[in-house]
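Asker: Sequence first, predicted model second:
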Amino acid sequence: MAEGTSKKTEDKLSEIDSMGESMLYFLVDSIGGFSWRMRHDHAHGRISDEDMKGIEKDLERLHGEQVRAIRNLTRFGIAKPLTDDDEPTDEYRAWYKWWNHWHHNDLTNEQWDELNHKISAKEDISSYRPSGDWRDALKRKVEERP
């Protein structure tokens, strides 16, 4: 165990390292959404400065989990999902947009209910994925550049 890292954190990071591509997408997306919501609500006064101090510690931990999940995308064909400064690369953005479009536009309510049930039951969801290949969007982007 790394110095200063709890067993619970190590277990979570180990779990992330074994997640399939679908679960990595949902983890990255949900952490991003939660982080945005907390900061948005704080900025609009719905979360006090005092409460936000405690929340920031959780957001920092979640950010670490999100970075770990994104780095794991190398197992699914993304050569370098993050820069050395942990900024998203074009490859990662194309992959994320491909999954996000499927998640928000292609899944029916019935499919989402079924998928959500399987996620809650910790069942395999690897068959749930967008059709095609995320690299197609990246190729189009490269071709469109002047």
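Answerer: On my side now, so go ahead. Residues are numbered from 1 along each chain as shown.
Asker: quick one, helices of this structure?
Answerer: 7-17, 21-43, 49-71, 90-101, 109-120, 134-144 (DSSP state H).
Asker: and those helices, which is most packed in?
Answerer: Per residue and on average, the most neighbours among the helices of the chain fall to helix 90-101, with a mean of 18 (mean count of other CB atoms under 10 Å). Quick note: C-beta positions are derived from backbone N, CA and C, even for glycine.
Asker: Mind giving me the packing neighbours of that helix?
Answerer: helix 21-43, helix 134-144 (3 or more CB pairs under 8 Å, 6 or more residues apart in numbering; DSSP states H and E).
Asker: mean pLDDT for those helices: which is lowest?
Answerer: Mean pLDDT per stretch puts helix 134-144 lowest among those, at a mean of 72.
Asker: Spit out the contact partners of the residue nearest the centre of the chain.
Answerer: Closest residue to the average C-alpha location of the chain: V28 at 1.0 Å, with CA atoms, centre = their mean. Counting by CB atoms under 8 Å, 6 or more residues apart in numbering, V28 touches 66, 69-70, 96.
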